[in-house]
Structures are given as C-alpha cells and as structure tokens.
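Colleague: have a look; sequence and predicted model below, questions after that.
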Amino acid sequence: MLKTRLTQMFGIEAPIFAFTHCRETVAAVSRAGGMGIYGAATFAPERVDADLAWIAANVEGKPFGVDLMMPQKSDGKGTTADAGALEEALRQGIPQAHRDFTASLLEQFQVPGLDTAPPVEDDGRPGGRGWRHSWYDFKLGAVETGARLQLEAALRHPIAFLVTALGTPPPDVRALARARGMKLGALVGSAKHARQHVEAGVDVIIAQGTEAAAHTGEISTLVLVPEIARAVAPVPVLAAGGIGSGEQLAAALALGAEGAWTGSIWLACAESDEPPEVVERLLAARSSDTLRSRCRTGKPLRQLKSPWSAAWEGPDSPGMLPMPTQHILTAEAEERIQRHRRADLTTIPVGQVVGAMDSVRPAAEILQALVTDCARTIARMGRLAPHANEEQA
Ligand SMILES: Cc1cc2nc3c(=O)[nH]c(=O)nc-3n(C[C@H](O)[C@H](O)[C@H](O)COP(=O)(O)O)c2cc1C
C-alpha cells in the first residue's frame with residue numbers, strides 16, 4: 001500500500017493509474033488496487049457502452065476511469081453534428097497525392113487487400129476482438145463530435161474519473177461529470193495548459209512527458225512534473241511518461257507527483273488483447289526504437305519505429321494531413337497491416353519505457369512489483385540522509 005492524496009481521493013490502495021484500451025486490463029488493475037482507465041478514443045459508441053458495462057460488472061465494486069480525446073484544435077471540428085457527414089466531408093478533402101502515396105507504400109511493402117485477410121476473430125463484442133479493429137471502424141474519436149458520442153455512452157456507467165486528452169473538457173461536459181460525482185482529469189505537456197485546465201476546474205492534472213506513448217509534447221517527465229506541480233499547487237498531479245518500475249514511481253513521487261499515470265507497460269500484460277506478434281515486437285524493442293511522428297493521427301504521436309513510419313517521415317512523403325484526416329487516410333492501410341499480421345510494419349503507440357518491457361506478467365503482478373519496489377526505493381533513499389528529519393525539526 002502507498003498512500004498519497006490521490007489514493008485518498010479515489011479510495012484506492014496504490015497511486016497507479018493504468019491507461020489501456022483493453023477492458024480485461026482495466027478491470028484487473030482496478031481489482032488489484034490501482035485504477036484502470038478505459039481509453040475510449042478508438043471505439044465506436046456501442047463498443048464503449050458494452051465494454052464499460054463489462055468492466056463495471058468485473059471490478060468487484062472498485063473504481064475505474066474513462067479517457068477521451070477532446071482536442072481543442074482539429075480538422076473539421078464542429079462543422080456538423082452528423083458524424084457520418086463530417087467523416088465523409090473530411091475524406092473528400094484528402095489530396096490525391098496522399099492517396100497515391102498510401103497505395104504505393106502498401107504495394108512496396110507487399111501488404112495484400114482486406115479481401116484476402118483472415119477474418120477477425122469474433123468474441124461477441126461490438127467491433128470484434130482487440131482495440132485496433134475498432135480503431136479502423138470509428139474514425140472520429142479524435143474530434144469533439146465523435147468524443148461526445150463516446151461520452152454519451154460512457155456516462156451510462158459508474159465512472160469515478162473522467163479524463164480528457166488534447167484539450168480542456170468543455171463546460172457542459174464538466175457539468176455533466178460533476179452532476180454524476182466524477183472527478184475530472186486532463187493530460188498536459190506544458191505548465192501553460194495545466195493552468196488553463198485548473199482554471200476550468202479540473203481536479204487532477206496528468207503531466208505527460210515526451211517519453212510517453214501516444215500524443216506527447218517535447219518536454220521530458222523529469223523536467224515537466226516539478227514544473228507543473230509547482231504551477232498548479234495544491235491541485236494534485238500525476239506523472240506520466242517513462243514509468244515502468246518502482247524506482248521510476250518513487251522518482252515521480254519525489255518530483256512532486258501524487259502517483260503515476262502509465263500506459264505502455266500494460267500492452268504486454270497477460271490480460272492484454274494485443275496480437276501475440278505485436279507483443280513479441282514490443283518485448284524485443286529497445287528504448288531507442290520509438291519515434292514521435294504525425295503519420296498515424298496527424299498530431300505528433302510516440303510509436304514503435306517501423307518501415308511504415310520511416311516512409312512517411314522520408315523524402316518521398318507528401319507530408320501528413322491534420323487530425324483526424326491523416327487517420328481517415330491511413331485507417332484501411334493499418335487494418336490491412338494488422339489483419340495480415342505484418343507486425344514488422346506496426347506503428348503501435350508505445351513509449352521509451354518499451355526498452356525495459358521484457359516479459360508477459362499478469363497486471364496484478366506488475367502493479368504489486370511497482371508498489372513493493374517503490375516502497376523499497378523510498379526506504380533506500382531515506383537511508384542516504386538518515387538525519388534529514390532531525391535537521392528539519
Ligand atoms: C497504445 C496506447 C494508446 C494510447 N492512446 C491514448 C489516448 O487515446 N488518449 C490518451 O489520453 N492517452 C493515450 N495514451 C497515452 C497514455 O494515456 C499515457 O499517458 C502514456 O502511455 C504514459 O506513458 P508511458 O507509455 O511511458 O507509460 C496511449 C498509450 C498507449 C500505450
């Protein structure tokens with residue numbers, strides 16, 4: 001057990017928040033005493049509804065959270081309330097050069113079409129097995145119109161913590177969450193954005209360093225966390241980016257965070273629904289095998305390096321389109337890569353901590369190791385300055 005203001009706020013045993021798209025992992029982390037956070041951004045609203053119902057039934061009454069992308073800036077935001085028409089309008093705007101480049105890469109890398117792909121294994125969930133299949137079906141999770149559809153589905157369930165990425169939750173969303181007794185959180189990569197969120201009434205700031213998986217800024221966790229903790233005090237801060245061990249968790253607490261917000265390490269836990277060949281690539285990867293590229297979503301996103309991302313970043317690339325048009329452009333290509341099990345081309349979001357991921361363990365075991373090793377580290381650090389408390393007194 002590790003006690004901080006955030007374990008007290010949520011009534012949990014360990015200040016470890018686990019972002020994941022996998023409902024089994026959300027439930028396993030919450031049951032083990034941390035807090036599982038369901039990443040809804042990639043899912044169609046029906047899938048969000050079904051997964052959250054499943055999670056609520058499998059957490060043994062423990063709290064869990066939901067994360068949505070609500071970008072302040074994105075292509076086509078607010079142009080229509082009709083998600084289908086918005087997606088079509090964005091698709092129509094894709095330049096021919098971008099379509100041709102995507103097609104030429106699929107040919108160059110010899111990725112066959114969907115017509116010859118093995119069928120998606122049906123596990124009875126809307127959207128099929130694994131988050132990535134749903135990612136191809138629902139392309140508006142990264143614009144407010146889509147996020148609002150997901151939110152509508154999410155609010156039917158007993159969420160303890162509602163978190164948004166890429167922007168401050170709009171006032172009506174904040175009011176809806178408040179009315180249901182949820183705490184609000186927001187991911188940030190700068191002190192300026194952290195202050196804006198706090199002014200809007202966000203309860204917990206998640207300071208995410210550049211080493212993190214997915215959409216990140218350029219400042220490292222070591223620099224960002226104390227900067228933000230000072231800027232928003234006394235609002236509690238979670239440190240995100242590069243935390244995969246008890247030593248790193250202890251470092252986050254030393255920097256002024258009240259806990260850790262983690263993502264990458266859960267991709268390779270026993271409950272993870274990632275395809276085995278992708279997990280194998282993650283276990284083999286080094287910390288230098290990631291890059292920030294706009295090739296997946298249109299915004300800089302840390303991901304595993306692959307020949308696919310190298311081509312988009314290379315001299316022949318037509319450049320990336322804004323969010324979410326880049327995703328609308330490349331979704332089918334990514335699905336072909338996944339369905340044909342071309343893990344060599346995968347650009348899965350993952351952080352630099354991937355270099356330390358070397359085995360598959362149950363989520364509860366990963367969580368317990370974080371807590372035990374953190375406590376041991378704090379004790380070891382205490383021994384470095386045995387008289388510190390007396391000197392202070
Ligand atoms: C596969 C994957 C997808 C992610 N997608 C999102 C997302 O949709 N929204 C979000 O707020 N964060 C997303 N993240 C980032 C996590 O919320 C978290 O900030 C990050 O993983 C922490 O750094 P770490 O990967 O070093 O643990 C994602 C992370 C991973 C691993």
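Modeller: Good, I have the coordinates.
Colleague: residue 302 and residue 216 touch, don't they?
Modeller: Yes: here residue 302 reaches residue 216: they are 5.3 Å apart, a contact under Cβ atoms under 8 Å. Yep, even glycine has a C-beta here, placed from its N, CA and C like the rest.
Colleague: what do those two both touch?
Modeller: Common neighbours of residue 302 and residue 216, counting by Cβ atoms under 8 Å, 6 or more residues apart in numbering, are 210, 292.
Colleague: where does pLDDT dip in the protein?
Modeller: 72-81, 124, 126-137, 141-142, 391-393 (pLDDT under 70).
Colleague: show me what the helix with the most length in it is packed against.
Modeller: The residue-count maximum for a helix in the chain (DSSP state H) belongs to helix 363-384. Applying 3 or more Cβ pairs under 8 Å, 6 or more residues apart in numbering; DSSP states H and E, one finds that helix 363-384 contacts strand 16-20, helix 23-31, helix 246-254.
Colleague: closest one to the ligand among those?
Modeller: Of all these, strand 16-20 sits nearest to the ligand, with 3.5 Å by Cβ to the nearest ligand atom.
Colleague: residues contacting the closest one, please?
Modeller: With Cβ under 8 Å, 6+ apart as the criterion, strand 16-20 contacts 25-26, 29, 34-39, 65, 67, 161, 206, 238, 249, 259-263, 266-267, 272, 363, 367, 370-371.
Colleague: now, those that are in strands?
Modeller: Per DSSP state E, strands hold the following members of the contacts of strand 16-20: 35-39, 65, 67, 161, 206, 238, 260-262.
Colleague: which two among those are spaced furthest apart?
Modeller: 38 and 260 (17.6 Å; Cβ to Cβ).
Colleague: how close does residue 256 sit to the ligand?
Modeller: 17 Å (Cβ to the nearest ligand atom, to the nearest Å).
Colleague: roughly how far does that residue sit from residue 231?
Modeller: 11 Å (Cβ to Cβ, to the nearest Å).
Colleague: go on, residue 349?
Modeller: In terms of Cβ to Cβ, residue 349 sits 27 Å off from residue 231.
Colleague: skipping its backbone neighbours, what lies nearest residue 109 in space?
Modeller: residue 345 (6.0 Å; Cβ to Cβ, 6 or more residues apart in numbering).
Colleague: wait, that neighbour sits on residue 306?
Modeller: Yes: using Cβ under 8 Å, residue 345 is in contact with residue 306, at 5.1 Å.
Colleague: my read: residue 56 touches residue 154, true?
Modeller: No: Residue 56 is beyond contact range of residue 154, at 11.1 Å (criterion: Cβ under 8 Å).
Colleague: more crowded one of those two?
Modeller: residue 154 (25 against 15; other Cβ atoms under 10 Å).
Colleague: and the residue lying closest to that one once chain neighbours are set aside, how far from residue 216?
Modeller: The shortest distance from residue 154 to any non-neighbouring residue, by Cβ to Cβ, 6+ apart, is to residue 66 (4.8 Å). Counting by Cβ to Cβ, the separation of residue 66 from residue 216 is 20 Å.
Colleague: those two: which has the busier surroundings?
Modeller: residue 66 (29 against 23).
Colleague: quick one: the more buried one from the ligand, how far?
Modeller: 10 Å.
Colleague: equivalent analysis for residue 372, please.
Modeller: 19 Å.
Colleague: what's the closest non-adjacent residue to that residue?
Modeller: That would be residue 246: by Cβ to Cβ, 6+ apart, it lies 6.5 Å from residue 372.
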